[in-house]
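1. here is my input, please return the structure:
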Amino acid sequence: MVTAIFPAAGSSTRMGGGVNKNLRELMGEPILIRTLKAFSQIERVNFLIVAVAAHEVAQVEGLLRKTEELKPWRVTVGGSERQFSIANALKLLPSDAQIILVHDAARPLVSARTIEDVIDAAEKFGGAIAAVPSKDTIKVVDAAGFVKSTPPRRELVSVQTPQGFKRELLLRAYAQAEADNFLGTDDASLVERLGARIKVVRSGYDNIKITTPEDLAVAETFLRSGNK
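-> Okay, here's the model as predicted:
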């Protein structure tokens, strides 16, 4: 069984407007709902957990109740950091959840193929992340802003979500991070600290995270083009 967690408690300051970006509409439908529907279409996904700000819990629960075609769900209070939101969501895992997916609520264009591939890889290897090859040359710089090195681009990927893990591995990673007071940039970074290997699953460049008004326009372009 697969449970998917969606952190959606961010302040959305870069989007502007004083509204949670995940509740903004993308071509007539809230971003959050589009994302949840994408996962609800996957047969192996059987439960959804959404983490939102405390003052948005009732609003989001009302929105989800009015939405058909969703798998069973729960809404929980998110934390001041993404990692804390996911930690709260992990407390609500169904007893039969074997694979845990974590997906940015603001990535509504994720494909079924990407979700399925991450589940497959997580089942086989214990941990997996969606990613795409980096299009840009990346430089490592020092504190003064001077280039230190240029990693080979063929070894670099831009990481997306979903990220998937076997239940025991992710719970152990979060427990260790809490014990060490460690704050990671993504879930894989917590699992990596345990020495576990993470499989990279090829995703698509259209699996964008909607953070700014420009991202919203790009997502609309993908949808209008018929690619989604």
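2. so which residue is dead centre in the protein?
-> Residue closest to the mean C-alpha point of the chain, counted by Cα atoms, centre = their mean, is His103 at 2.1 Å.
3. close enough to count as contact, that one and Val110?
-> Yes - contact criterion Cβ atoms under 8 Å: His103 and Val110 qualify, at 6.8 Å. The way it works is simple: take the backbone N, C-alpha and C, and place the C-beta from them, glycine included.
4. hey, what's in contact with both of those two?
-> The overlap between the contact sets of His103 and Val110 (Cβ atoms under 8 Å, 6 or more residues apart in numbering) consists of Thr35, Thr161, Pro162.
5. which one of the residues you listed is nearest Ala122?
-> Nearest to Ala122 among the shared contacts of His103 and Val110: Pro162, at 9.1 Å, using Cβ to Cβ.
6. so which elements touch the helix or strand where that closest one lies?
-> Using DSSP states H and E, Pro162 sits in strand 157-166. Here strand 157-166 touches strand 99-102, helix 112-125, strand 127-133, helix 187-192, going by 3 or more Cβ pairs under 8 Å, 6 or more residues apart in numbering; DSSP states H and E.
7. buried deepest among these, which one?
-> Of the helices and strands packed on strand 157-166, the one with the most neighbours on average (mean count of other Cβ atoms under 10 Å) is strand 99-102, at a mean of 25.
8. can you list contacts of it?
-> So strand 99-102 is contacted by 1-7, 39, 44-45, 86, 90, 93, 115, 118-119, 122-123, 161-167, 170, 187 (Cβ under 8 Å, 6+ apart).
9. and it, how far out from the chain middle?
-> How far strand 99-102 lies from its chain's middle: 10 Å, per Cα atoms, centre = their mean, to the nearest Å.
10. could you pull up the mean pLDDT of it?
-> For strand 99-102, the mean pLDDT works out to 98.
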